[in-house]
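Chemist: Sequence plus the predicted model coming up.
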Amino acid sequence: MSALILDQAAAIPFAVPHSRWDQAHAATLSPEQALLYRSNLLGSDLTVTNFGGGNTSAKLSATDPLTGDAVEVLWVKGSGGDIGSMKLDGFATLYQAKLLALETHYAGPDDDDKMVGFLPHCTFNLNGRAASIDTPLHALLPYAHVDHVHPDAIIALAASSGGEAATQDIWGGRIGWLGWKRPGYTLGVMLRDYVAANPGIEGVMLAGHGIICWGDSAEGCYEHTVALIADAARYLNAKMAGKPAFGGQIVAPHPDRAAIAADLMPRLRALMTGARRKVGHWSDDAEALEFTGSADFTRLAALGTSCPDHFLRTKIAPLTLDPARLADDAWLAEQISAYRAMYAAYYERCKRASSPAMRDANPVVVLVPGVGRITFATDKTTARLAGEFYGNAINVMRGAEAIGDYIALDEQEAFDIEYWLLEEAKLQRMPAPRAQVGRIVLVTGGAGGIGAATAARFLRDGACVVLADRDGAALEEVRAGFARQYGKDVVRAAVCDVTSEDQVKAAFDVAAREFGGLDVLVANAGIASSAPIEDTTVALWRKNYDVLAEGYFLTARAAWPLLKGMNQQGGSAIVFIGSKNGVAAAAGASAYASAKAAANHLARCLALEGAPHGIRVNVVNPDAVIRGSRIWDGDWRKERAGTHGIDPGAELEAHYRNRSLLKRDVLPEDIAEATYFLGSDASAKSTGNMINVDAGNVQSFTR
């Protein structure tokens, strides 16, 4: 992005939402379905709320399954859900009368946590969906339909010293203002009492939170919410018009920022030691470049975020790096160490007697002027969302500064949210991550049978995977299929001919830039040829060696610096997909078999070099993986059938099956299992080894 484009976007406007309500469709819905429709409309519009943020409710009549009586039930978004994608089972359902009766147990703000413990006792119809901490805000308001959202334009008002005055200026008293209070029962009581004391108001700005408003119907509540956000967006846009954001640009976007990110992210990742490995996400969107390159960047970044939703995703503050010193590994290590020390000091200052143990002290958000925003988390989706939430925080700062001074969360309040015992309990209830979460795998020949099966095996256990293959169309088909099955966050593709140094480097840059580095290389790209020695041309000989020997060398060499960095985090792995012919001579295939033997010996050499750096190098030797193989779809099938004097169809498969000791077909999934084992911690003490997956072949027994 050029500096000119950023200048034109110096006050990037807040998007003004518009109603998307379909009255004809809504008329066909039950009251519960209308609540879901309203919620999905609000949550799927990022001008209205952030992913996972906001909550909606409706007080609806239902038949008590125990007594048969008509009762009022509060339907409210359950804990941890996303209103944009939730289904009906994402709502908690609670007896409204029981919720109101809870106040007899409330003696003041110190009871907030205790009151949460009573919510399950109000559950209607044995609904297992846990109620969120914001439930009292909805239950205690005397309105049928309530929305609580926090889009950027609203939070900009809520996080500014000029926010209360702006609220009065925009709505002239129709919308009230409540000072900051942490979510919970006390805030619900404060809100109810404020509304009762100010009859006729149509909503309340909650400082640091967002806005809460209501309506008599699902449609009326939705339209009211959207209109209020539109009012705020138009007001802020007018205030920002013609003014440079954040004091104006002092650092222009770097023209090679993608290359800088690819170089920097693996080095940062290697320094972020902890219980689990990190996955990175880089963004050079307009917001990130404008903010990091601005005069006010250092001042504002140090303040951290404001809205609790933003803060929980992004930590107390980002790590900011000097772009002039990125090449200095020692300096980077100092910066990470200093951040961890800062976080530990923050924990010590703010902890309470009941606080959980300190969590991971590594930064989540790393900001680099001219390069953009980098975020790290234990999985790709969380890293991406953290980046998006910090993007929201940037927008909030821009708007807040346009009407006053940006106000971040108070440090103690921030800590009390981050280390809230209720939040800790929610974290403890989460299932253990899958075995490969946090791992990054690159598979060459990723569009073929063995490559795709191997990628699927790692994806199934939570890894991020880069598929590299020279066949762009086949590669995209496999990538798209995996994206549908496992989610688009965790899979990337790079068109790569392993005989091209430039394309190999570019593929590993994808792993570095998209995920933050590499933990496992699966060198699988291959060809096969069969010809008597007298018919083996120099071109055919070189083609085999280019792909099967030099291609493996080039990919291993490109992976090496990425893998070396992971030594302090348990090491890394390279797995070569070899061949039975790499250890057993094959008549009429001297070029192929000797090239495979060269690759196998290269693996042993690399095992020696890699051991001091924690890089394990092992080989899987398949035999006759015919089904799903693109190699066997070509001339290789006919050539090998001719060598054995048999038909290239089913007779060939039977030949290889029957010559094995176990009399079984070898499938891509069988090779994938062995590769997975050698790439995982299950083989953490194995290097320089070969595993034959050939259903048993005496000739290939390793000696």
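Modeler: Perfect, thanks for sending it.
Chemist: Flag the shaky bits of this protein, pLDDT-wise.
Modeler: 1-12, 52, 425-427, 628-651, 703 (pLDDT under 70).
Chemist: where does the residue of it most remote from its centre land in three-state SS?
Modeler: Distance from the C-alpha centroid of the chain peaks at Glu534, with 54.9 Å (CA atoms, centre = their mean). Of the three states, Glu534 takes helix under DSSP: H, G, I helix; E, B strand; the rest coil.
Chemist: separation between it and Ala595?
Modeler: According to CB to CB, to the nearest Å, Glu534 stands 18 Å off from Ala595. (Each C-beta comes from the backbone N, C-alpha and C, glycine too.)
Chemist: how far away is the residue farthest from the centre of the chain from Ser590?
Modeler: For Glu534 relative to Ser590 (CB to CB), the value is 11 Å.
Chemist: do Leu422 as well
Modeler: When distance is defined by CB to CB, Leu422 is 69 Å away from Ser590.
Chemist: ditto for Leu608
Modeler: Relative to Ser590, and taking CB to CB, Leu608 is found at 27 Å.
Chemist: More neighbours: those two, which one.
Modeler: With neighbours defined as other CB atoms under 10 Å, Leu608 and Ser590 compare such that Ser590 has more, 20 against 11.
Chemist: now the helices: where do they sit in the stretch 401-550 of the chain?
Modeler: Here the stretch 401-550 of the chain has its helices, by DSSP state H, counting those that start in this stretch, at 411-418, 421-429, 449-460, 472-486, 501-515, 538-545.
Chemist: Determine which residue lies closest to the centroid of this protein.
Modeler: Geometric centre of the chain, nearest residue: Thr381, 1.3 Å, by CA atoms, centre = their mean.
Chemist: which residues touch it?
Modeler: Taking CB atoms under 8 Å, 6 or more residues apart in numbering, we find Thr381 in contact with Gly487, Asp489, Val490.
Chemist: repeat that with 10 Å
Modeler: Contact analysis of Thr381 by CB atoms under 10 Å, 6 or more residues apart in numbering lists Phe51, Val279, His281, Gly487, Lys488, Asp489, Val490.
Chemist: ok, now Phe458?
Modeler: Contacts of Phe458 (CB under 10 Å, 6+ apart): 435-436, 439-441, 443, 464-465, 486, 490, 519-520, 522, 672, 675-676, 679-680.
Chemist: same question, Leu100
Modeler: Glu72, Leu74, Cys122, Ala139, Leu140, Pro142 are the contacts of Leu100 under CB under 10 Å, 6+ apart.
Chemist: got the residue ranges for the helices in the stretch 201-350 of the chain?
Modeler: 218-240, 257-271, 286-292, 297-301, 308-314, 329-350.
Chemist: Next up, phi/psi of Pro622, please.
Modeler: phi -80, psi 170 (degrees, to the nearest 10).
Chemist: Which residue ranges make up the domains of this protein?
Modeler: Domains of the chain are assigned by automatic domain parsing as 8-240, 257-429, 440-625+666-695.
Chemist: Can you check the distance spanned by the shortest one, start to finish?
Modeler: Taking CA to CA, to the nearest Å, domain 257-429 runs 40 Å from one end to the other.
Chemist: what's the distance between that domain and the middle of its chain?
Modeler: Relative to its chain's centre, domain 257-429 lies at 15 Å (CA atoms, centre = their mean, to the nearest Å).
Chemist: Same check on the last one?
Modeler: Using CA atoms, centre = their mean, the mean C-alpha position of domain 440-625+666-695 is found 25 Å from that of the whole chain.
Chemist: what's the first-to-last distance across that domain?
Modeler: End-to-end distance of domain 440-625+666-695 (CA to CA): 30 Å.
Chemist: quick revisit: which ones among the contacts of Phe458 are found in strands?
Modeler: Residues of the contacts of Phe458 located in strands (DSSP state E): Ile440, Val441, Val443, Cys464, Val465, Val520, Val522.
Chemist: Would you agree the fifth one is in contact with Ala494?
Modeler: What it means is Val465. No: using CB atoms under 10 Å, Val465 is not in contact with Ala494, being 11.1 Å away.
Chemist: which residue ranges form the strands in the stretch 1-150 of the chain?
Modeler: 55-63, 70-77, 91-95, 145-149 (DSSP state E, counting those that start in this stretch).
Chemist: Single out the most deeply packed of the ones you listed.
Modeler: strand 145-149 (a mean of 27; mean count of other CB atoms under 10 Å).
Chemist: Next, the angle from that one to helix 218-240.
Modeler: 30 degrees (axes from the mean of the first three to the mean of the last three CA atoms, to 10 degrees).
Chemist: related to what we said a few turns ago, can I get the ones in strands among the contacts of Phe458 in TSV including neighbour count?
Modeler: TSV is the format used below for these (neighbours: other CB atoms under 10 Å):
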residue	neighbour count
Ile440	32
Val441	28
Val443	32
Cys464	29
Val465	28
Val520	27
Val522	32
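Chemist: what's the most distant pair in the residues you listed?
Modeler: Using CB to CB, those span at most 13.4 Å, a distance reached by Cys464 and Val522.
Chemist: which residues do those two both contact?
Modeler: Val441, Leu442, Phe458.
Chemist: quick one, phi psi at Ala573?
Modeler: phi -150, psi 150.
Chemist: Is Ala402 in contact with Asn237, as I believe?
Modeler: Yes: the pair Ala402 / Asn237 is scored as a contact, 9.2 Å apart, by CB under 10 Å.
Chemist: Between these two, which is the more surrounded one?
Modeler: Remark: of Ala402 and Asn237, Ala402 carries more neighbours, 22 against 18, as counted by other CB under 10 Å.
Chemist: Distance of the more buried one relative to Gly247?
Modeler: For Ala402, the distance to Gly247 - CB to CB - is 12 Å.
Chemist: tell me which residues form a beta bridge with Glu72?
Modeler: Beta-bridge pairing for Glu72 (DSSP bridges): Ser61.
Chemist: That one reaches Thr63, doesn't it?
Modeler: No: using CB under 10 Å, Glu72 is not in contact with Thr63; the gap is 11.5 Å.
Chemist: Which residues are in contact with the closest residue to Ala559 other than its chain neighbours?
Modeler: The shortest distance from Ala559 to any non-neighbouring residue, by CB to CB, 6 or more residues apart in numbering, is to Leu521 (4.3 Å). Counting by CB under 10 Å, 6+ apart, Leu521 touches 440-444, 466, 468, 508, 511, 552, 555-556, 558-560, 562-563, 572-576, 615, 617, 679.
Chemist: How about Pro433?
Modeler: Arg276, Thr378, Asp379, Asp461, Gly462.
Chemist: among the residues you listed, who's most crowded?
Modeler: That'd be Asp379 among the contacts of Pro433, by other CB under 10 Å, with 21 neighbours.
Chemist: okay but that one is in contact with Asp489, surely?
Modeler: Yes: the criterion here is CB under 10 Å, and Asp379 meets it with Asp489 at 8.0 Å.
Chemist: Common neighbours of these two, please.
Modeler: Counting by CB under 10 Å, 6+ apart, the common neighbours of Asp379 and Asp489 are Val279, Leu385, Cys464.
Chemist: Just give me the closest of those to Ile336.
Modeler: Among the shared contacts of Asp379 and Asp489, and counting by CB to CB, the member closest to Ile336 is Val279, at 16.5 Å.
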